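Novice: Give me a model of this one.
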Amino acid sequence: MTVVADESVLERTGRSWTEWFELLDAAGSRGMSHQEIVALVARRYALDPWWQQAVTVAYERATGLRAMHQRADGFAVGVTRTMAASAERVFQAITDEFVREAWLPGQPLLTSGMRRKANGGNWRVVRASWRDGTRVIISVVPRGTGRAQVQVEHEQLRTSHDVERYRAFWKARLDLLQELCER
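Specialist: Take a look at the predicted model:
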């Protein structure tokens, strides 16, 4: 399964997914590492780095070399929610231990950094270690007056089964966070 539609890949790269997969098979890519396939695509075809990765990952998924949500360091899942609350209010609910206990009970975030970034707007990021050694990144981005988008990315999961388990977990947690922030 590819994430990018065949029409889009054809328009942006000049080849369809079928053509890319045939080219990579002919080059012996089934026996290569991810880095080797990216290097091959970079060396032979005039694609920007994003498309080099997109073509490589799609090929790996199509040939069974990589599962959905799999990365080099394990599996990852992302959950996003837009809330009718300011980014400041949402960020406080994430970073204040007492408030966080209301929507994320018994789950301390062992933070490795909280920072603000300016990237076409004011957004905030919390990076934290989870109890099991996996990594959680929570981003809060303003989306107009009194609205914020929250994205939770849970990385370094051990199995594909963890993806759906944590997807359900974070959806439920974001339901509570949204309820709390929109009061």
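
Novice: need the next SSE after the worst-scoring helix or strand of the chain on mean pLDDT, C-terminal direction.
Specialist: Lowest by mean pLDDT, DSSP states H and E among the helices and strands of the chain is strand 110-118, with a mean of 57. Where DSSP states H and E defines the elements, the next helix or strand beyond strand 110-118 is strand 122-129.

Novice: Relative to that next one, what are the paired strands and their orientations?
Specialist: strand 110-118 (antiparallel), strand 135-142 (antiparallel) (DSSP bridges).

Novice: where's the residue of the chain most remote from its centre relative to Arg15, distance?
Specialist: The C-alpha centroid of the chain is most remote from Ala26, which lies 30.9 Å away (Cα atoms, centre = their mean). Using Cβ to Cβ, to the nearest Å, one obtains 13 Å as the distance from Ala26 to Arg15. Placement of C-beta: from N, CA and C, glycine included.

Novice: May I have the secondary structure class of Leu47?
Specialist: At Leu47 the chain is in coil, as set by DSSP: H, G, I helix; E, B strand; the rest coil.

Novice: shouldn't it be in contact with Leu40?
Specialist: No: using Cβ atoms under 8 Å, Leu47 makes no contact with Leu40, being 11.2 Å away.

Novice: so the helix or strand harbouring Glu155 versus strand 135-142, what angle?
Specialist: Remark: Glu155 resides in strand 148-157, with elements defined by DSSP H and E. Here strand 148-157 points in a direction 170 degrees away from that of strand 135-142 (axes from the mean of the first three to the mean of the last three Cα atoms, to 10 degrees).
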